[in-house]
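Novice: Please find the sequence and the predicted model below.
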Amino acid sequence: MNQLETQSVEITSQLTTNRHRRVNQYIRSRKVGKGQHGEVFLCTDESNHGRQVALKIVKRSNPRDRIKLLRRNHQQNPGGLPPLSSTEHSVRKEITVMKKCRHGNIVRLFEVIDDPQQDKIFLAMEFLAGGPIQWSNTQHQPVLSIQQTRRIIRDVILGLEYLHHEGIIHRDIKPANLLWTHDRTIVKIIDFGISHFIPPITSTKSHMEGDSYPDLFPESDLLRRIGTPSFLAPEIVWFSDDRKRTCPTTSCDTLTSNTLTIHDGITVMPLQRPPITKAIDIWSLAVTFYCLLFGHTPFSVPASANENAYHNEFVLYNQICTQDWFVDETMGADRMTTGGRHPKDPTSDGFIIVDLLDRMLRKNPRDRATIPELKVSDDIYLFGPSNLHLLCQRNPWILRDIANPKEWLHRTSPTANEITICRWMKKASKRFSDLLSTHRVRAY
Ligand SMILES: Nc1ncnc2c1ncn2[C@@H]1O[C@H](COP(=O)(O)OP(=O)(O)OP(=O)(O)O)[C@@H](O)[C@H]1O
């Protein structure tokens, strides 16, 4: 672990200086981004040798929150605490999740300035100077090579593997939330505003000390259709029959997401709504992967769609739930041949990549590839006259340019340290029992 990963997050409850260009020790320079929840500024940290930080400034509430708050004030408020506005709720979730994260592919949070007297909350984060990954040009053509795509996807897989191991579902994986470091060698995941935390079953108390996580992360939140429409998994955009009936336009008669859909003899959408799990991040990662390869999303509203945004969203969700996706003839800026949606040659790059997308874009989350599955070797079988022969084991595509895959897999595994500790404890207990037997020491 490097120094950045071991530093703890400071929580400052007093804003001493809030002049035009200064927030406590941070001197604001330019604005680097703006989202739904706030603005992000590049700042220098005077108390830390002028280190560059990204300062996200979030208002505790915005005008839309007021109506929601009024509605909620009429409801019982369990802990007697004032209800949080939805903006403040979202930023509290973001802080809770980010406070916990220590990983080379996740943006680091350094400090939170949360002064109850102020209407804004400030998040000082690691500054990712390379900015969001650029993946298509104005003609919707890919701009990244296959090798660059592999490196980006590999970084995101590592970040997601860590998050999932910690019980965190990101819920908004997309190219805009993947930022380069200044030298463009590492990609990091940002924006935890809609992330969800599922505490481990074994403990009743979260290791997110001091945070009442059941209030912050109610289970019902998982069912909400939030995130970026083109990147949402089928189980999120799943429609009930009721919804289908209330759709205002005729084309929605074609909605079949609650029926059994058969594709190539495989059931692709279950009758019951599947539970929302970390598999939704794998779907969004696959959509991101597709975008990087082809310069456009796999599911989109056709150009002929009408002006009604609600209707267009409905068409998109219908596609996500029921339609297959297609691939262009070539992929990446290097224009590598794909071989189509079902390439024939199992040794071709087209086959390997389309097969990978296929495993990640399964409609049923139970059939979808998991992160560990993306990291293990593929077995290549040969159909013989009477049975299957294992032809070879091939390193997964994402590890292709890694010099020592075995060492890399061990080093990057989130359980590597746990395994090492287990081994160490086994060794230590063996030495201890040897000691007991040779020296006749009494154990208390
Ligand atoms: N650590 C960072 N370093 C550099 N730029 C950043 C950083 N964090 C955010 N940004 C920039 O600011 C933009 C908005 O940030 P962010 O996505 O966190 O805000 P948000 O309000 O949560 O957005 P959204 O509307 O997607 O929920 C990002 O798209 C990115 O361009």
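Specialist: Okay, I see it.
Novice: Can you name the residues that contact residue 228?
Specialist: 172, 174 (Cβ atoms under 8 Å, 6 or more residues apart in numbering). The way it works is simple: take the backbone N, C-alpha and C, and place the C-beta from them, glycine included.
Novice: where does residue 64 land on pLDDT?
Specialist: Note on residue 64: pLDDT of 67.
Novice: Next: residue 287.
Specialist: You'll see residue 287 listed with a pLDDT of 98.
Novice: Double-check that it belongs to a helix.
Specialist: Yes - counting by DSSP: H, G, I helix; E, B strand; the rest coil, residue 287 is located in a helix.
Novice: isn't it right up against residue 174?
Specialist: Yes - shown here, residue 287 and residue 174 form a contact pair, counting by Cβ atoms under 8 Å, at 7.5 Å.
Novice: Kindly export stretch 346-361 (C-alpha atoms) in CSV.
Specialist: Output in CSV follows, covering the C-alpha atoms of stretch 346-361 (Å, rounded to 0.1, in the frame of the first residue of the first chain):
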residue,chain,number,x,y,z
PRO,A,346,-12.5,-19.5,-31.5
THR,A,347,-8.8,-18.4,-31.8
SER,A,348,-9.6,-14.9,-33.2
ASP,A,349,-9.6,-11.8,-31.1
GLY,A,350,-13.1,-11.0,-32.4
PHE,A,351,-14.4,-14.3,-31.0
ILE,A,352,-12.7,-13.8,-27.6
ILE,A,353,-13.9,-10.2,-27.2
VAL,A,354,-17.5,-10.8,-28.4
ASP,A,355,-17.7,-13.9,-26.2
LEU,A,356,-16.5,-11.8,-23.2
LEU,A,357,-19.2,-9.2,-23.9
ASP,A,358,-21.7,-12.0,-24.4
ARG,A,359,-21.0,-13.4,-20.9
MET,A,360,-21.2,-9.9,-19.3
LEU,A,361,-24.4,-8.9,-21.1
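Novice: Now do that stretch: everything it contacts.
Specialist: Against stretch 346-361 from outside (Cβ under 8 Å, 6+ apart): 146, 282-283, 285-287, 289-290, 293, 298, 325, 327, 331, 336-345, 368-369, 373-374, 378, 380, 397.
Novice: I'd like to know which of those are part of helices.
Specialist: If you go by DSSP state H, the contacts of stretch 346-361 have 146, 282, 283, 285, 286, 287, 289, 290, 293, 373, 374 in helices.
Novice: And the residue of the stretch 151-300 of the chain closest to the ligand?
Specialist: As assessed by Cβ to the nearest ligand atom, the ligand sits closest to residue 191 within the stretch 151-300 of the chain, at 3.8 Å.
Novice: Give me the neighbour count for that residue.
Specialist: By other Cβ atoms under 10 Å, 23 other residues sit near residue 191.
Novice: Which residue is the nearest non-sequential neighbour of it?
Specialist: residue 177 (4.6 Å; Cβ to Cβ, 6 or more residues apart in numbering).
Novice: Ok, residue 317 next?
Specialist: Distances taken as Cβ to Cβ, 6+ apart put residue 237 closest to residue 317, at 3.8 Å, once the chain neighbours are dropped.
Novice: Likewise for residue 414?
Specialist: residue 165 (4.0 Å).
Novice: Make sure the one you found is actually in contact with residue 412.
Specialist: No - contact between residue 165 and residue 412 fails when scored by Cβ under 8 Å: they sit 11.5 Å apart.
Novice: Among those two, which residue is more densely surrounded?
Specialist: Shown here are residue 165 and residue 412; by other Cβ under 10 Å, residue 412 has more neighbours (18 against 15).
Novice: Please name the residues that touch that one.
Specialist: With Cβ under 8 Å, 6+ apart, residue 412 has these contacts: 158, 161.
Novice: could you give me the average pLDDT of stretch 236-244?
Specialist: Stretch 236-244 comes out at a mean pLDDT of 64.
Novice: do stretch 20-33 as well
Specialist: On average, stretch 20-33 scores 92.
Novice: Name the nearest residue to residue 299, sequence neighbours excluded.
Specialist: residue 319 (4.5 Å).
Novice: Where does the one you found fall, secondary structure wise?
Specialist: In this structure, residue 319 sits in helix 309-322 according to DSSP states H and E.
Novice: With only the CA atoms kept, save that helix in PDB.
Specialist: What follows is helix 309-322 as a C-alpha-only set of coordinates in PDB (Å, rounded to 0.1, in the frame of the first residue of the first chain):
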ATOM      1  CA  ALA A 309     -38.600  11.800 -23.400                       C
ATOM      2  CA  TYR A 310     -40.700   9.400 -21.300                       C
ATOM      3  CA  HIS A 311     -41.600   7.400 -24.400                       C
ATOM      4  CA  ASN A 312     -38.000   7.200 -25.600                       C
ATOM      5  CA  GLU A 313     -36.800   6.000 -22.200                       C
ATOM      6  CA  PHE A 314     -39.500   3.400 -22.300                       C
ATOM      7  CA  VAL A 315     -38.300   2.200 -25.800                       C
ATOM      8  CA  LEU A 316     -34.700   2.100 -24.500                       C
ATOM      9  CA  TYR A 317     -35.600   0.000 -21.400                       C
ATOM     10  CA  ASN A 318     -37.700  -2.300 -23.600                       C
ATOM     11  CA  GLN A 319     -34.600  -2.900 -25.800                       C
ATOM     12  CA  ILE A 320     -32.400  -3.500 -22.800                       C
ATOM     13  CA  CYS A 321     -34.800  -6.100 -21.400                       C
ATOM     14  CA  THR A 322     -35.700  -7.900 -24.600                       C
END
